[in-house]
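# I'll drop the sequence and a predicted model, then ask my questions.
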Amino acid sequence: MPTLLADTDVGSYLPILLLITMAIVFAIANLAASNLIGPRRTGHVKGMTYESGMNPVGTARKRFNVRFYLIAMVFLVFDIEIIFLYPWAVTFPNIDHAVADGAVWLGRILFFLLTTVVAYVYGYRKGVFRFD
Amino acid sequence: MIEKIGALWPEIILFAAACIVMVVGLSPTAAVRRLCAPLAGAALIVAGIVAWFTTPAAHGPLPMLPLFGKTLVAGVGVLLALLLAGTPDREYESAIARGATGYDPIRANRAEFWAFFLFSLTGAMLCAGADDLIWLFLALELTSLPTYIMVAVSTGRNRSMEAAVKYFFLGALGAAVFLYGFTLLYGGTGTTRLFAPAGEPSIASILAAQAAGPGINAVAMTGLVLSFLGVCFKIAAVPMHFYTPDVYQGASSAVAGFLAFVPKAAGFFTILILAGAAGWWGSSPVDAGGSLPQPLHQIVLIVAILTMSVGNALAVVQSSAKRMLAYSSIAHSGYMLVGVVAGPGPANAPYTSNGVAAVLFYLLSYGVMNLGAFAVLASLERRRADGSADEADDVNDLKGLCATRPLLGWTLVLSVVGLLGLPPLLGFWAKLPLFTSAISSNEIGLVIVLGLNSAVAAYYYLRLASVALLESPELTNDTVRSSPFPARAVAGLASAVGIVLLAAWPLNQWAMQGGRYQRVEPLKAAEGTPPARVDAGAPAAR
């Protein structure tokens, strides 16, 4: 029988409760302390947009082409693909050939890659990469 | 793992077809783009044939459910492909044909629509074959997520967008509820596997062991109840039914017909799988037959009664045919839940007392009959002032249909009379086992409510039939005309033929096979260690 949530003691969750309480108290205490004892100086430089120490150039509310959104979506497909490739690449050299068939393992990941290729072809046909 | 893939060939075929359709549908040549629907239909036929020959599940309480469910989804899917002809991009394509605009793939939706259609059916098939909670959740979502987009692009009007947003947010709520139920079920049993070979831990065997011993624990029971209530969204049952009329009305008739069958089928497969995992144990695990474990049994019973009563009562007052069919879809979910309450009956029970087989056969019949009614609505349209066409929706649009368009008119009459359950037609042979199985499991109160509801349903179904059959056609400026897609009428005709002939074909024997129930053996505790409480605080105390 596996260990069940229903059978575990509620008391074993006490440390988590303690941690949550600490986090809340810490946040509130910091806000209250900086409000009470912090200095209050205002001015032009203090109110300026923070851009890693540089003087800000222009407005941040620029419009950019909506196609970047589609590019980001296509990027996401390959990003996720690579995330899934890592665990496979780490496991593949170490598989036990008595239990698992290497060709099948390779076939599976190739099938997975094929699905992303389909996504790429779809994006290409949809005209995501056309910039005119 | 490999043997699991062996049972998944129908889904793999549909998935591959969806990938092909997604690319083919973006072709700049109109003739190539039009291949989407035939490709989808061909893939469904092949998947249905393959599903017919897949091996049944090796273990679990309903071993034949995957086989039956996948074949059913593919079979009705072929008719749905006919019904959905011409739905996506209708005005855009006609503008291209007129030469008013060029083809811009970014504005077209046809490829996505057909790919999502196939993905949704893939999800419904995966639901039927699920043996793990995570698989079940992903399959349910794969069924639902494409449907939101299919609703949004179905007409190109704002009301479809509104319907899609409503459907999406309520769908997310439903998903959250059953996902929470799944986590509690995992917490209450310690595994996500629903079914496993004898002797290995699985939700079914652990729940059986709990039921045989101290009773199903509160966490697992809460999980079962929440999962059921969440899946009520998919089948449009009462606490989660509010979206149904608005979404069906906002979507085009063809997509509404799709929504009335595919998510419902996936939802009922899920409910049967979960109920099978909980087991129709009865008061003691030793007796044959019996009912679902107690609080769950009571809740399914209440939901069934409320669903059919609310659905039928509200359908009576509708003047829009689509809303009427939406409420009728709610009511039919209630009827089918009667079979879930009744359960499969004792071992080797005949077809008449097997509630699971009754549900499966009803699902098939409902799919065919409902498709006929929606196909008629999708085949009619009204011309608007600006020359564009709106699908027929008002009951008055159907006046004198048998006189003006006899084929569509008689299809409608057959469909609604079938849905009503008049004796020689398919609906009667579907409803009968629901009654008999509920009687044989001693749910007399439920049978009475079912009978009363069937009588109430007669009022609005016969109204639809009499409007088409008896009243004379109305001749006004905005005349009702046929839609330019004959495939929709063919879908309606096919289902009308099905309503008359399928009852004669021994399909109920097939449903009987699909509803075969085998008891899951309780999981024996490992030798030496009793299945005692695990005290996390005191691991050393033994």
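Alright, I've got the coordinates.
# how about A:Asn55, what does it touch?
The neighbours of A:Asn55, taking C-beta atoms under 8 Å, 6 or more residues apart in numbering or on different chains as the test, are A:Met48. All C-beta spots, glycine's among them, are computed from the backbone N, C-alpha and C.
# which residues touch residue 74?
No chain in the question, so chain A it is. A:Val74 sits next to A:119-120, A:123, A:128 when contact means C-beta under 8 Å, 6+ apart.
# not quite, I wanted chain B
Contacts for B:Ala74 (C-beta under 8 Å, 6+ apart) come out as B:10, B:44-45, B:47-48, B:51, B:121, B:125.
# how many neighbours does the nearest residue to it once chain neighbours are set aside have?
Counting by C-beta to C-beta, 6 or more residues apart in numbering or on different chains, B:Ala74 lies nearest to B:Gly48, which is 3.2 Å off, once chain neighbours are set aside. Neighbourhood size, B:Gly48 [other C-beta atoms under 10 Å in any protein chain shown]: 21.
# just checking, B:Gly48 touches B:Gly75?
Yes. Shown here, B:Gly48 and B:Gly75 form a contact pair, counting by C-beta atoms under 8 Å, at 5.4 Å.
# just flag the most distant two among the contacts of B:Ala74.
Greatest spatial distance among the contacts of B:Ala74 (C-beta to C-beta): B:Ile45 and B:Met125, at 14.1 Å.
# tell me which of those two has more neighbours.
Neighbour count, other C-beta under 10 Å: between B:Ile45 and B:Met125, B:Met125 has more, with 31 against 15.
# close enough to count as contact, the more buried one and B:Gly69?
Yes. Judged on C-beta under 8 Å, B:Met125 makes contact with B:Gly69 at a distance of 6.9 Å.
# minimum pLDDT in the contacts of A:Val74, which residue is that?
In terms of pLDDT, A:Val128 ranks lowest among the contacts of A:Val74, with 82.
# on that earlier part again, now, which of the contacts of B:Ala74 lie within helices?
B:10, B:44-45, B:47-48, B:51, B:121, B:125 (DSSP state H).
# just the element for B:Pro28, please.
Following DSSP states H and E, one finds B:Pro28 outside all helices and strands.
# same question, B:Leu184
Judged by DSSP H and E, B:Leu184 forms part of helix B:158-189.
# quick revisit: list the residues that contact both of B:Gly48 and B:Gly75?
Here B:Gly48 and B:Gly75 share no contacting residue, scored by C-beta under 8 Å, 6+ apart.
# burial measure for residue 41, as a count.
Defaulting to chain A. 6.
# that's the other chain; I wanted chain B
If you count neighbours by other C-beta under 10 Å, B:Gly41 ends up with 21.
# pLDDT on stretch B:335-351, on average?
The predicted model assigns stretch B:335-351 a mean pLDDT of 85.
# send the alpha carbons of that stretch over as CSV?
Output of stretch B:335-351 as CSV, limited to C-alpha atoms (Å, rounded to 0.1, in the frame of the first residue of the first chain):
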residue,chain,number,x,y,z
TYR,B,335,-31.2,10.2,-19.2
MET,B,336,-27.8,8.7,-19.8
LEU,B,337,-26.8,9.3,-16.1
VAL,B,338,-29.7,7.0,-15.2
GLY,B,339,-27.7,4.2,-16.8
VAL,B,340,-24.6,5.2,-14.7
VAL,B,341,-26.7,5.1,-11.5
ALA,B,342,-28.1,1.7,-12.5
GLY,B,343,-24.7,0.2,-13.1
PRO,B,344,-23.8,-3.0,-15.0
GLY,B,345,-26.0,-5.2,-12.9
PRO,B,346,-24.9,-8.7,-11.7
ALA,B,347,-22.3,-10.7,-13.5
ASN,B,348,-23.6,-12.0,-16.9
ALA,B,349,-26.6,-9.8,-16.7
PRO,B,350,-28.6,-9.6,-19.9
TYR,B,351,-28.5,-6.5,-22.0
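# mind pulling up the pLDDT for the residue nearest to B:Ala74?
If you check B:Gly48, the pLDDT there is 93.
# so what's B:Gln298 up against?
No residues are in contact with B:Gln298 under the rule C-beta under 8 Å, 6+ apart.
# got any ranges where chain B has weak pLDDT?
Within chain B, the stretches with pLDDT under 70 are B:1-3, B:281-289, B:385-387, B:474-478, B:525-542.
# now B:Cys19: closest residue in space that isn't a chain neighbour?
In space, and not counting its chain neighbours, B:Cys19 is closest to A:Val118: 4.4 Å by C-beta to C-beta, 6+ apart.
# can you give me the buried ones in stretch B:20-40?
Using 16 or more other C-beta atoms under 10 Å in any protein chain shown as the burial criterion, the residues of stretch B:20-40 that qualify are B:20-27, B:33-37, B:39-40.
# can you check stretch A:116-129 too?
Neighbour-count burial for stretch A:116-129 flags A:118-120, A:122-123, A:125-128 (criterion: 16+ other C-beta under 10 Å).
# what about chain A, any weak spots by pLDDT?
Residues of chain A that meet the criterion pLDDT under 70 lie in A:1-7, A:132.
# so which residues of it form strands?
Secondary structure of chain A (DSSP state E): no strands present.
# find the nearest non-adjacent residue to residue 131, please.
All of this is about chain A. Sequence neighbours aside, A:Arg67 is the residue nearest to A:Phe131 in space, at 6.9 Å (criterion: C-beta to C-beta, 6+ apart).
# sorry, I should have been clearer: chain B.
Excluding the flanking residues, the one nearest B:Asp131 by C-beta to C-beta, 6+ apart is B:Phe195, at 4.7 Å.
# and for B:Lys70?
Ranked by C-beta to C-beta, 6+ apart and with sequence neighbours excluded, the top spatial neighbour of B:Lys70 is B:Ala51, at 3.7 Å.
# burial measure for the one you found, as a count.
Using other C-beta under 10 Å, B:Ala51 has 28 neighbouring residues.
# re the thing from before, in helices, which of the contacts of A:Val74 fall?
Within those, residues falling in helices by DSSP H are A:119-120, A:123.
# which one of these is nearest B:Val310?
If you rank the ones in helices among the contacts of A:Val74 by distance to B:Val310 using C-beta to C-beta, A:Ala119 comes first, at 42.7 Å.
# just give the nearest non-adjacent residue to that closest one, would you?
Nearest in space to A:Ala119, with sequence neighbours left out and distances taken as C-beta to C-beta, 6+ apart, is A:Val77 at 4.8 Å.
# for chain A, which segments count as helices?
For chain A, the helices defined by DSSP H cover A:14-37, A:67-91, A:102-125.
# one more: the stretch 401-542 of chain B?
B:401-404, B:406-420, B:426-440, B:444-469, B:486-501, B:507-514 (DSSP state H, counting those that start in this stretch).
# just tell me which of those helices ends up closest to B:Ala16.
The closest of the helices of the stretch 401-542 of chain B to B:Ala16 is helix B:486-501. By C-beta to C-beta, the value is 23.5 Å.
# any idea where the helices of the stretch 151-300 of chain B begin and end?
Remark: helices assigned in the stretch 151-300 of chain B by DSSP H, counting those that start in this stretch are B:158-189, B:203-212, B:218-235, B:243-250, B:253-278, B:294-316.
# in the longest one, which residues are buried?
To tie it back to what came earlier, the one meant is helix B:158-189. Within helix B:158-189, the residues that count as buried by 16+ other C-beta under 10 Å are B:160, B:163-164, B:166-168, B:170-171, B:174-175, B:177-189.
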